[in-house]
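1. What would the 3D arrangement of this be:
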Amino acid sequence: MEEDAHEAAQCFYKAAQAGSVDGMYRLGRCYVYGHGVSRNDEEAFKCFTRAAEAGHDRAMCSLGLCYEGGQGTPVDLPKAAELYRQAAELGNPEAQCNLGVLYRYGRGVPEDKAKAAELFRQAAEQDFPRAQFSLGLHYEMGSGVEMDAARAVKLYAKAAEQDYPMGSAPWVCAMKTALGYRSA
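-> Below is the predicted model of the structure:
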């Protein structure tokens, strides 16, 4: 298995050297996880930067994660938010969700629960389970949206159907019972 990972990393390296933006992004992922190469946050950061500069939405999101978590670079939450925004505008559901989290807690951007809920909605409509769960929380609590327990339960169930850990079936069943929810 390690031999396959090494071979894949070599292929991504060659593709990146030949100008493949996706190859550069995938090489960065290899560095993040140590697949076929030694784990190296600084090299991952460089790969994501090059691919993001070329307009690769998943690289923009990964670079945002680097800035948010201080991986290969100092923490810079406003920069992370800007990268998530760019990728979110390209329709990337992970970036939409990540930016929603920043708005929910006012990290690198002004706190704005309604903006957070809207970003979660955009990602949830693309079946992104973390966003479905997060949007469910907003509906359950009435945070940035009108409180709607039935809608929250439906969103939790969608997340659970995709094996999202926080949206587990027993928890959803308990929520349905507690909220008196009945399916139509």
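2. so where is this structure shaky, pLDDT-wise?
-> 1-2, 167-184 (pLDDT under 70).
3. let's go with 80 and repeat that
-> 1-3, 166-184 (pLDDT under 80).
4. Please, where are all the helices along it?
-> Here the chain has its helices, by DSSP state H, at 2-17, 21-33, 41-53, 57-69, 77-89, 93-105, 113-124, 129-141, 149-161, 169-179.
5. quick one, what contacts the closest residue to residue 85 other than its chain neighbours?
-> Using C-beta to C-beta, 6 or more residues apart in numbering and skipping residues adjacent in sequence, the residue nearest residue 85 is residue 99, 5.9 Å away. To be clear about C-beta, it is placed using only N, CA and C from the backbone, and glycine gets the same treatment. Counting by C-beta atoms under 8 Å, 6 or more residues apart in numbering, residue 99 touches 81, 84-85, 88, 109, 119.
6. Give me the buried positions along stretch 133-143.
-> By neighbour count on 16 or more other C-beta atoms under 10 Å, the buried set for stretch 133-143 is 133-140.
7. Need the residues that contact it.
-> By C-beta under 8 Å, 6+ apart, stretch 133-143 touches 97, 100-101, 104, 113, 116-117, 120-121, 124, 144-145, 147-149, 151-156, 159, 164, 166-167.
8. From those residues, keep the buried residues only.
-> 97, 100-101, 104, 113, 116-117, 120-121, 124, 144-145, 149, 151-156, 159, 164, 167.
9. related to what we said a few turns ago, of the contacts of residue 99 - the most surrounded one?
-> When neighbours are counted by other C-beta atoms under 10 Å, residue 84 leads these with 31 neighbours.
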